[in-house]
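Trainee: From the sequence below, what's the structure:
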Amino acid sequence: FSMWVLSIAVSRLAFGGWVSNNKYSLLGGLRASAQLVSYELALGLSWVGVIMLAGSFRIQEIVTAQAGGLYHWNAVRQIVAFIIYMTAATAEVSRTPFDLPEGETELVAGFHTEYSSMRFALIQMAEYINMITVAVLATNLFLGGWHSGIPGVPSEGLLGFVFWGGKVALLLFVFIWLRGTLPRFRYDQL
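Mentor: Have a look, this model is predicted:
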């Protein structure tokens with residue numbers, strides 16, 4: 001289900017560029033579709049090792065398999081998969097340095113050139129909801145979910161929700177921080 005939610009962004013961007021009836025918006029939508037389809041494969045394959053370690057596809061069982069301390073987290077045990085996931089997730093949500101569909105120097109503003117007001121706000125909200133989805137998945141799959149990672153510190157109830165929310169907020173901060181510090185790749189470097 002979570003992979004389906006992430007992949008729905010492809011059609012959103014492609015149709016958004018096509019419906020605006022502008023050649024630059026259409027070009028931006030096609031770029032966005034090509035980028036998202038390219039990185040979805042790496043994103044999905046980064047989950048394979050996590051699923052194999054947990055022995056289940058269920059998120060709750062994957063999080064439970066990471067209980068017991070920081071060294072049981074999949075981000076530590078599967079560091080390469082975590083790096084691939086974060087790189088592909090950054091590209092999946094079109095954040096810098098992978099914001100090629102919104103290349104202002106080449107495409108005016110990308111697929112949303114012709115949109116303003118509430119339509120533009122809905123496109124931006126969908127982008128941030130996609131970013132939250134990616135951060136939630138990273139927290140549950142790689143960062144121990146609601147477990148604190150510190151032996152002896154309880155992680156049940158409200159305290160577990162605080163740990164989980166803190167990890168999600170940290171990942172969202174990293175996405176926003178990347179946008180403010182890294183330059184954008186050229187399209188031939190994608």
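
Trainee: C-alpha from now on. contacts and neighbour counts both.
Mentor: Noted.

Trainee: At which residues are the strands of the chain located?
Mentor: For the chain, applying DSSP state E gives no strands.

Trainee: In it, where is pLDDT below threshold?
Mentor: In the predicted model of the chain, residues 1-10, 98-116, 185-190 satisfy pLDDT under 70.

Trainee: longest helix in the protein, by residue count?
Mentor: Using DSSP state H, we find that the single longest helix of the chain is helix 23-54.

Trainee: which residue packs closest to Phe82, ignoring adjacent ones?
Mentor: Nearest non-adjacent residue to Phe82, counting by CA to CA, 6 or more residues apart in numbering: Ala75, 5.4 Å away.

Trainee: before we move on, what about Arg95?
Mentor: Nearest non-adjacent residue to Arg95 (CA to CA, 6+ apart): Arg179, at 6.2 Å.

Trainee: Same question for Glu92.
Mentor: Using CA to CA, 6+ apart, the closest residue to Glu92 is Leu36 (5.3 Å).

Trainee: Do I have it right that that neighbour meets Thr90?
Mentor: No - Leu36 is beyond contact range of Thr90, at 10.3 Å (criterion: CA atoms under 8 Å).

Trainee: who's in contact with Tyr85?
Mentor: Listed by CA atoms under 8 Å, 6 or more residues apart in numbering, the contact set of Tyr85 reads Ala42, Leu43, Ser46, Trp47, Ala138.

Trainee: which of those lies closest to Gly69?
Mentor: Gly69 has its nearest neighbour among those in Ala138, at 17.1 Å by CA to CA.

Trainee: Gln78 versus the closest one, what's the distance?
Mentor: According to CA to CA, to the nearest Å, Ala138 and Gln78 sit 12 Å apart.

Trainee: Compare those two and say which is more crowded by neighbours.
Mentor: Applying other CA atoms under 10 Å to Ala138 and Gln78 shows that Ala138 carries more neighbours, namely 23 against 17.

Trainee: Which secondary structure elements does the longest helix of the chain sit against?
Mentor: helix 2-19, helix 59-64, helix 79-92, helix 104-107 (3 or more CA pairs under 8 Å, 6 or more residues apart in numbering; DSSP states H and E).

Trainee: gap between it and the chain center?
Mentor: 10 Å (CA atoms, centre = their mean, to the nearest Å).

Trainee: quick one, that helix and helix 79-92 angle?
Mentor: 160 degrees (axes from the mean of the first three to the mean of the last three CA atoms, to 10 degrees).

Trainee: Flag every buried residue along helix 23-54.
Mentor: 24-33, 35-36, 39-40, 42-43, 46-47, 50-51, 54 (16 or more other CA atoms under 10 Å).
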